[in-house]
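*Asks:* missing the sequence, but the structure's below:
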């Protein structure tokens, strides 16, 4: 199996390396990822300028564009034989309505639209917690095995969130729906400038949905459809 890896944190992000360690247990890996950090870019695509492609190592490329650009260029031109696309591991959760804004999820969504099986993976961390990418690789392996066992041969789109790394080594994997609760936010005035203010870790949550389950220390796997995303999950 040929697997494409991408993300929205950039080709040099440690989360992408952690995902590569897990993906190489599944098949041949090619990395095509943004040249710079593109978090929160959602489904943006570049159509008004050329994209610069740089090969950094064998089967590892950066693109001067968005995660969606990376997936399009890879699947349409560079590695059209890819059958599975993995996006992540994002440094931070992509839970609930985050799926509408996330560049990580958008990359997987574009792969799904192009007819591939696609999975987005994110690592939730409590504020101030340090990353442990080898542990993230382990949790990602558990989650990927569960999702791949539930996929059929057709194109599907899944979203995985790994819990805070203070959890036990073998966290439970739970399939659950995406939380539809909006994230509480406000803006704080500073002269004529307005600063966005929100507390991700205290966000509202509905029992049994991805936010509540992940915050409770479990790996969440959620099946997404394009109609879900268009309708606002």
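*Replies:* It's in. What you see is a predicted model, and the numbers here were worked out from it, not measured in a lab.
*Asks:* how many neighbours does residue 174 have?
*Replies:* Residues near residue 174, counting by other Cβ atoms under 10 Å, number 16. Every C-beta, even on glycine, is put in place using the N, C-alpha and C of the backbone.
*Asks:* what's it sitting at in phi/psi?
*Replies:* Note on residue 174: its backbone torsions stand at phi -130, psi 120 [degrees, to the nearest 10].
*Asks:* partners of it in the sheet?
*Replies:* On the basis of DSSP bridges, residue 174 is bridged to residue 220.
*Asks:* who are the contact partners of it?
*Replies:* Going by Cβ atoms under 8 Å, 6 or more residues apart in numbering, residue 174 touches 213, 218, 219, 220, 221.
*Asks:* in CSV: the residues you listed, plus neighbour count, pLDDT and distance to residue 55.
*Replies:* Converted to CSV, the contacts of residue 174 look like this (neighbours: other Cβ atoms under 10 Å; pLDDT from 0 to 100; distance: Cβ to Cβ, whole Å):
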residue, neighbour count, pLDDT, distance to residue 55
213, 25, 96, 40
218, 19, 95, 39
219, 24, 96, 34
220, 31, 97, 35
221, 22, 98, 33
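*Asks:* low-confidence ranges in this structure?
*Replies:* For the chain, residues meeting the criterion pLDDT under 70 lie at 153, 167-169, 227-233.
*Asks:* which parts of it are helices?
*Replies:* Taking DSSP state H to define them, one finds helices in the chain at 14-23, 67-73, 103-113, 133-150, 210-215, 226-230.
*Asks:* backbone phi and psi for the residue of the chain most remote from its centre, please?
*Replies:* In the chain, the residue that sits farthest from the middle, by Cα atoms, centre = their mean, is residue 191; the gap is 36.1 Å. Phi and psi for residue 191, reported as degrees, to the nearest 10, are phi 70, psi -130.
*Asks:* how about residue 9?
*Replies:* Residue 9 has phi and psi values of phi -90, psi 0 when expressed as degrees, to the nearest 10.
*Asks:* next, the contact list for it, please.
*Replies:* Contacts for residue 9 (Cβ under 8 Å, 6+ apart) come out as 15, 16, 37, 38, 39, 90, 91, 104.
*Asks:* from those, which is closest to residue 114?
*Replies:* Minimum distance to residue 114 across these is 16.7 Å, recorded for residue 104 (Cβ to Cβ).
*Asks:* residues contacting that closest one?
*Replies:* 7, 8, 9, 67, 87, 88, 90, 94, 120, 121, 122 are the contacts of residue 104 under Cβ under 8 Å, 6+ apart.
*Asks:* check contacts around the fourth one.
*Replies:* What it means is residue 67. Contacts of residue 67 (Cβ under 8 Å, 6+ apart): 6-8, 33-34, 38, 41, 87, 103-104, 106-107, 110.
*Asks:* on that earlier part again, can you pick the most crowded of the contacts of residue 9?
*Replies:* residue 104 leads the contacts of residue 9 on contacts (other Cβ under 10 Å) with 31 neighbours.
*Asks:* relative to residue 150, how far out is that one?
*Replies:* 20 Å (Cβ to Cβ, to the nearest Å).
*Asks:* can you tell me the closest non-neighbouring residue to residue 25?
*Replies:* residue 141 (6.7 Å; Cβ to Cβ, 6 or more residues apart in numbering).
*Asks:* likewise residue 112?
*Replies:* Nearest residue to residue 112, sequence neighbours excluded (Cβ to Cβ, 6+ apart): residue 157, at 4.0 Å.
*Asks:* no further questions, thank you.
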